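> sequence-free structure coming up:
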């Protein structure tokens, strides 16, 4: 099994005999020199467990479930773009948030994806422990697999708290990644149009 297969498979099924999640969080607090039995920290382990299950819910959702019946047959062969899709994820290196916007486009080839479904595909992969580079590729591949369009392009602009709150502490840094498939890769003019629409600011 490849490393990518392990990421796509998601976390293993928890051992029901293992230490409860809340107890693990409480131990973390103790190791930080805090007393998890004293209010308001006494409720923190439960809240952390609930929050992390929510923030990693993408592992328990598939692209097929997110898209559902949202693919439509339509004779349209131009570019469709959904810009500025908000995304929130957790860096797999430090489990600190990164957040930003995804711009997703495809060249239709007789099939269209409901606009809200594009955002749902982004959500499936963003709500996992991630690196931005992989996230960008996964979104592009999912759209390509679902529609078989003439091309797919994805750009993500994000800020990472692991760079802002720790380490180099660069508050204004932004990471931009892109993934292109089909004609977005082979046709320079099409790729330039996509990148211009994705990154050109009108405000």
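Noted; the coordinates are in hand. This one's a predicted model, so the numbers in the text were calculated from it and none came from an experiment. Numbering: from 1, shown residues only.
> when you work out contacts or count neighbours from here on, use the C-alpha atoms and nothing else.
Fine.
> can you give me the pLDDT of the most far-flung residue of the chain relative to its centre?
Distance to the chain centre peaks in the chain at residue 38, reaching 35.7 Å (criterion: Cα atoms, centre = their mean). On pLDDT, residue 38 comes in at 96.
> look up how far residue 110 lies from it.
With distances taken as Cα to Cα, to the nearest Å, residue 38 is found 61 Å from residue 110.
> any idea how far the nearest residue to residue 62 once chain neighbours are set aside lies from residue 98?
Of all residues not flanking residue 62 in the chain, residue 124 sits nearest, at 6.8 Å (Cα to Cα, 6 or more residues apart in numbering). Applying Cα to Cα, the value for residue 124 to residue 98 is 15 Å.
> which strands or helices does the lengthiest strand in the chain pack on?
As assigned by DSSP state E, the longest strand anywhere in the chain is strand 79-91. Packed against strand 79-91, as judged by 3 or more Cα pairs under 8 Å, 6 or more residues apart in numbering; DSSP states H and E, are the following elements: strand 97-107, helix 115-126, strand 129-130.
> for residue 171, what are its contacts?
Listed by Cα atoms under 8 Å, 6 or more residues apart in numbering, the contact set of residue 171 reads 163, 164, 165.
> what sits closest to residue 113 if chain neighbours are left out?
Sequence neighbours aside, residue 71 is the residue nearest to residue 113 in space, at 4.7 Å (criterion: Cα to Cα, 6+ apart).
> what's the neighbour count on that neighbour?
Residue 71: 15 surrounding residues under other Cα atoms under 10 Å.
> wait, it touches residue 109, no?
No - assessed by Cα atoms under 8 Å, residue 71 is found out of contact with residue 109, at 11.9 Å.
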